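Undergrad: Next come a sequence and a model predicted from it.
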Amino acid sequence: MIQIKDLTIIHRKDLRTLIADFQLVLKDGDKAVIIGEEGNGKSTLLQWIYNPERIAGYADASGVRILGEAKTAFLPQELEQEDRTKTVYEFFSEEEAFLLQTPGDLGRMAKDFGTEADFYYLNQRMETLSGGEKIKAQLMRILMGNPDVLLLDEPSNDVDLDTLRLLENLIRGWKKIVLFISHDEALISHTANMVIHLEQIRPRYTIKHLSYGEYVKSREDLFIAQERQALNERREKQKRDEKYHRILQSVSCAQNAVSRQDPHSAALLKKKMHSVKSMGRRFEKLDADMTDIPDREEAIGFRMDTGERIPEGKTVLDYSADELRSPDGEKILARNVRLFVRGPEKICIIGKNGAGKTTLIRDIAGEFMKPNYRNNSCLLSKAYSNLPGAGVLEHRKRRVSDCSDTRRGMGATRIELVTFRV
C-alpha cells in the first residue's frame, strides 16, 4: 500500500503551489493514471513519491509518504544523466537481478520487447539508442528486479505499436500497484481504473476510482449540472436584487419626504429602513454560498494554417541516400533510401524502434537547414520559400565507406512510408 498525507509542493523559482493538501491511498490492483496539463506538477509528484530528494533542487515539499515494505521501481521521462554514457551492457549489469537471469529468461524478454537476443550485451552507448529503445531497455531492467510498485513517467513516449501493446498488457496484468503519467488517451482508456487529475485552478486535484472514459463523462455531467445550477441561482439573484433595490429606494424616498412635524411616521420609516438593510446583509451572506460557475482548465491549442497551398505536382522534397547510419555511425539502418514528396502531401514515417525514423528526419532537416544549399546540392524554391515548411530539397548523399557489423544484422531495415493526401 502507498499512502500520501497532507502533501504540499511549492515551486521554488516562482513560488507557485503545484499541489496543496494532497491525500492519496493506493492498494494492490490499482492502476492509477496522473493526468493534467503541462506544468501542473505530475512528474514532480511522481518523483516525490519515489524519492523526495529528486525534487529537492527546485521545489519545497511537506507531507507524509508511507510506502511500507513495497519495492518501488521508477521509469523517468528521460534517461538519467548518469546512464547516458554507459554502454547497454553496463546499464543492464548494474541491476543485480540481470546476472541471475537464465539465457531462456533473457531470450523471452527480448522477444516480448521486440529486441534482438543479444541486445543486453551491446557495446553501444545508451544515449545513442533510439527513443523507443531507451524506454525498452529501462523497462526490461526494471522488470528483472521484480518490483511491487511501478511508477512510470510517460512510458508510451517513443515506443512502437508492438511495445505499446506490450505496455498495455503489462499494466492491465500487474497484480500490485501501477502509478503512471500519460497523455495517450488510448493507453489510459485501456489500462487505468483510477484517475488522479491535477489542475492549477486554485490549485485543485480530483481522485476518482473510475475508468478514464467514466471519469471524463462524470466530470462533464458534473460541470453541466453545476453550471446550470450556478446560472439559475444568478438569475434568481438578479430578480431578488432588483426587487430589493426598488424597496430600498422607495423607503429612502419616503424618509426624505416625511415631515419633521410627523415624528411617528419618521420613526416607522427608520425602523423599516433598518429591516431593509438587515435583509441586504442577509442576501450578501447567501450570495457568498452561491454555487460557483465551474472553472475549466483548457489545453493551449494551435494550428498552422497559412491560407496558402502548395500546388499539386510541385516537388517539395527529393531525397535519396545510399546508406542511413545510426548516430554513432556504427550501424547501417537502411540502404537505398528514396523519399520524393509533391505538393500538399502529408507523410507519416512508421517502423519499429531503432529502424531509423528519427535519424532519417534529422538527416533531411540537417541538409535542408544548412546555410548554403547550393554547395550541398540542396535547392530551395524561391517561389515557395515564404511558406512555412515548404520548399524544394534535392539531395544526393555521397556513399559512406562500407563497414562490417557482426553483432547485429546487416540487412537493410525497411522504413515504411504512408502518404495521406488532403
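TA: That came in fine, so what should we check first? Computed from a prediction, not measured in an experiment: that's the story for all the values here.

Undergrad: in which helix or strand would I find the nearest residue to residue 52 once chain neighbours are set aside?
TA: Closest residue to residue 52 apart from its sequence neighbours, by Cβ to Cβ, 6 or more residues apart in numbering: residue 61 at 6.0 Å. Quick note: C-beta positions are derived from backbone N, CA and C, even for glycine. Here residue 61 sits within strand 59-66, counting by DSSP states H and E.

Undergrad: Likewise for residue 110?
TA: helix 103-112.

Undergrad: next SSE after that helix?
TA: helix 131-144.

Undergrad: Run through the neighbouring helices and strands of that next one.
TA: Taking 3 or more Cβ pairs under 8 Å, 6 or more residues apart in numbering; DSSP states H and E as the contact definition, the neighbouring helices and strands of helix 131-144 are strand 72-75, helix 88-93, helix 103-112, helix 161-173.

Undergrad: Residues contacting the second one, please?
TA: I take that to be helix 88-93. 83, 98-99, 119-126, 129, 137, 140-141, 144 (Cβ atoms under 8 Å, 6 or more residues apart in numbering).

Undergrad: Just the buried residues from those, in ChimeraX please.
TA: This is the ChimeraX syntax for the buried subset of the contacts of helix 88-93, where burial follows 16 or more other Cβ atoms under 10 Å:
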select :83,98,119,120,122,124,125,126,129,137,140,141,144
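
Undergrad: ok so, going back, residue contacts, the residue nearest to residue 52?
TA: Residues counted as contacts of residue 61 (Cβ under 8 Å, 6+ apart) are 7, 8, 9, 10, 48, 52, 55.

Undergrad: quick revisit: from the contacts of helix 88-93, pick the one nearest residue 348.
TA: residue 129 (22.3 Å; Cβ to Cβ).

Undergrad: Against residue 171, how distant is the closest one?
TA: From residue 129 across to residue 171, the span is 23 Å (Cβ to Cβ, to the nearest Å).

Undergrad: what does the model give the residue nearest the centre of the chain for pLDDT?
TA: Geometric centre of the chain, nearest residue: residue 183, 4.0 Å, by Cα atoms, centre = their mean. The score at residue 183 is 90. That number is its pLDDT.

Undergrad: okay, now the residue lying closest to it once chain neighbours are set aside: neighbour count?
TA: Spatial nearest neighbour of residue 183, excluding adjacent residues (Cβ to Cβ, 6+ apart): residue 154 at 7.1 Å. Neighbours of residue 154 under the rule other Cβ atoms under 10 Å: 20.

Undergrad: before we move on, the earlier item: now the residue nearest to the centre of the chain, what's its secondary structure?
TA: Here residue 183 is coil, with the state taken from DSSP: H, G, I helix; E, B strand; the rest coil.

Undergrad: For the residue lying closest to residue 13 once chain neighbours are set aside, give its distance to residue 106.
TA: Closest residue to residue 13 apart from its sequence neighbours, by Cβ to Cβ, 6+ apart: residue 58 at 6.8 Å. From residue 58 across to residue 106, the span is 38 Å (Cβ to Cβ).

Undergrad: For those two, indicate the residue with more neighbours.
TA: Neighbour totals were compared for residue 58 and residue 106, and residue 106 leads with 19 against 10 (other Cβ under 10 Å).

Undergrad: Point out the other helices and strands that the helix or strand that contains residue 252 packs with.
TA: Assigned by DSSP H and E, residue 252 falls within helix 212-257. Under the contact definition 3+ Cβ pairs under 8 Å, 6+ apart, helix 212-257 sits against helix 185-191, strand 194-199, strand 204-208, helix 263-288.

Undergrad: The residue nearest to residue 183: what's it in contact with?
TA: Here residue 154 is in contact with 77, 180, 181, 182, 183 (Cβ under 8 Å, 6+ apart).

Undergrad: Spell out which helix or strand contains the first one, please.
TA: So that's residue 77. Counting by DSSP H and E, residue 77 is found in no helix or strand.

Undergrad: What residues does it make contact with?
TA: Per Cβ under 8 Å, 6+ apart, neighbours of residue 77: 43, 153, 154, 157, 181.

Undergrad: Could you measure from it over to residue 68?
TA: 26 Å.

Undergrad: any idea what sits nearest residue 357, other than its immediate chain neighbours?
TA: residue 349 (4.8 Å).

Undergrad: Which single one of the contacts of residue 154 is nearest to residue 353?
TA: Lowest distance from residue 353 to those (Cβ to Cβ) belongs to residue 77, with 16.9 Å.

Undergrad: For the residue nearest to that closest one when sequence neighbours are not counted, which residues count as its bridge partners?
TA: Of all residues beyond its chain neighbours, the one nearest residue 77 is residue 153 (4.2 Å), with distances taken as Cβ to Cβ, 6+ apart. For residue 153, the beta-bridge partners are residue 181 (DSSP bridges).

Undergrad: thought residue 153 was touching residue 73?
TA: No. With contacts counted by Cβ atoms under 8 Å, residue 153 stays clear of residue 73, the gap being 11.7 Å.

Undergrad: which of the residues in stretch 336-343 are buried?
TA: For stretch 336-343, using 16+ other Cβ under 10 Å, the buried residues are 337, 339, 341, 342.

Undergrad: swap in stretch 168-178?
TA: Quick answer for stretch 168-178 (16+ other Cβ under 10 Å): 168, 170, 171, 174, 176, 177, 178.
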